[in-house]
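1. Need the 3D shape of this:
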Amino acid sequence: MPEPAPLFSLITVTLNNRAGLQSTRASVESQVFNNFEWIIIDGGSTDGTQEDLATTNANWTSEQDTGLYDAMNKGLTKAKGTYLLFLNAGDRLAAPTTLEKIAAHTEKQPDFIYGDALETTRSSSPSLQGGGRGRVSDAPLETKPAKPFYKQAGRYKDLPSGMFTHHQAMLYKRSKISETNQHYSLIYPIAADYDFTARFLKKCEKIAYFPHPICIFESGGLSQQNAFDGRREQYLIREKLEMVSQPENVWIFLTQTLKWQLRKTFPFLYRFAKSAKRK
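-> Below is the predicted model:
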């Protein structure tokens, strides 16, 4: 008799980010809730990651892929859980009780669950490589994590204006994904998560907001390093999916660009404005 499917599938992709994966592992293994599976897709790391993988209880594979979203698609194929959460190497669950608390939000079987996030920055950070999976350069560098910034999720109905929370703070019901064999589109190297979420939400009937942080996310990843390309891809996605009118699409693109410049030039002012908006 086959074992019942787990409630959650945590999917982690990584490439030569041994330290980041160790951080994620500590977070996953600290969970007091154990009805989940952990899937790790490694892109063929050569930094000792594979030796660590052999000591985990995760369902893992290590082979070359074409990039971040190709690896995430491999994770989708392996997943058996009712809900899928992508937690890449270096990302962490917000607390040991995070999955336990989210489980309580699944009683009404929502199609999609999203929550808040904690975002960290580093006073200095190594150059990132490896398609957004946190591959770091070999140069030694002292880093000191800054105090996490609480990032409350926006409204999911505001998706046309951009992602309303971090991708690592979203849980997708696997049965809804399977209905159309949905995958991440590889034609969007930066914003495939935006495209995936937009297409997925069109199928959703029940959406639940989890009013707590789900993940601890370190800023400076693929989408932030390639911000302009990400905004351009989002523009094309909105156009393709007919999410807004053409004038609205142009306005959203310009507004996103101005917000990005504000955040880059005056980060503290940007965060103050975000905090004031929550109040």
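2. In terms of helix, strand or coil, where does residue 210 fall?
-> Counting by DSSP: H, G, I helix; E, B strand; the rest coil, the backbone at residue 210 sits in strand.
3. Ok, residue 215 next?
-> strand.
4. Could you find the closest non-adjacent residue to it?
-> Leaving aside its sequence neighbours, residue 215 sits nearest to residue 168 (C-beta to C-beta, 6 or more residues apart in numbering; 3.9 Å). In short, each C-beta sits where N, CA and C put it, glycine included.
5. Pretty sure that neighbour sits against residue 91.
-> Yes - counting by C-beta atoms under 8 Å, residue 168 touches residue 91, with 5.1 Å between them.
6. ok, those two, which is more surrounded?
-> Set residue 168 next to residue 91 and count neighbours by other C-beta atoms under 10 Å: residue 91 wins out with 25 against 21.
7. any idea how far residue 30 is from that one?
-> 14 Å (C-beta to C-beta, to the nearest Å).
8. Residue 247 should be in a helix, yeah?
-> Yes - checked against three-state DSSP, residue 247 lies within a helix.
9. quick one: it and residue 59, what's the gap?
-> To residue 59, residue 247 is 47 Å away according to C-beta to C-beta.
10. Looking at these two, which is more packed in?
-> residue 59 (16 against 8).
11. Ignoring the adjacent residues along the chain, who's closest to that one?
-> Nearest residue to residue 59, sequence neighbours excluded (C-beta to C-beta, 6+ apart): residue 39, at 5.0 Å.
12. swap in residue 244?
-> Nearest residue to residue 244, sequence neighbours excluded (C-beta to C-beta, 6+ apart): residue 160, at 4.9 Å.
13. tell me the contacts of the one you found?
-> 238, 243-244, 248, 252 (C-beta atoms under 8 Å, 6 or more residues apart in numbering).
14. rewinding a little: these two touch, right, the residue nearest to residue 59 and residue 13?
-> No - taking contacts as C-beta under 8 Å, residue 39 lies outside contact range of residue 13: 9.2 Å.
15. so what sits against both of these two?
-> Residues within reach of residue 39 and of residue 13 at once, by C-beta under 8 Å, 6+ apart, are residue 75.
16. which secondary element of the chain has the worst mean pLDDT?
-> In the chain, no helix or strand scores lower on mean pLDDT, DSSP states H and E than strand 128-129, which sits at a mean of 40.
17. before we move on, back to that, tell me the phi and psi of the residue nearest to residue 215?
-> Backbone torsions of residue 168, given as degrees, to the nearest 10, read phi -80, psi 0.
18. Kindly report the same for residue 11.
-> phi -120, psi 120.
19. and it, what does it touch?
-> In this structure, residue 11 makes contact with 39, 41, 72, 75-76, 78-79, 84-87, judged by C-beta under 8 Å, 6+ apart.
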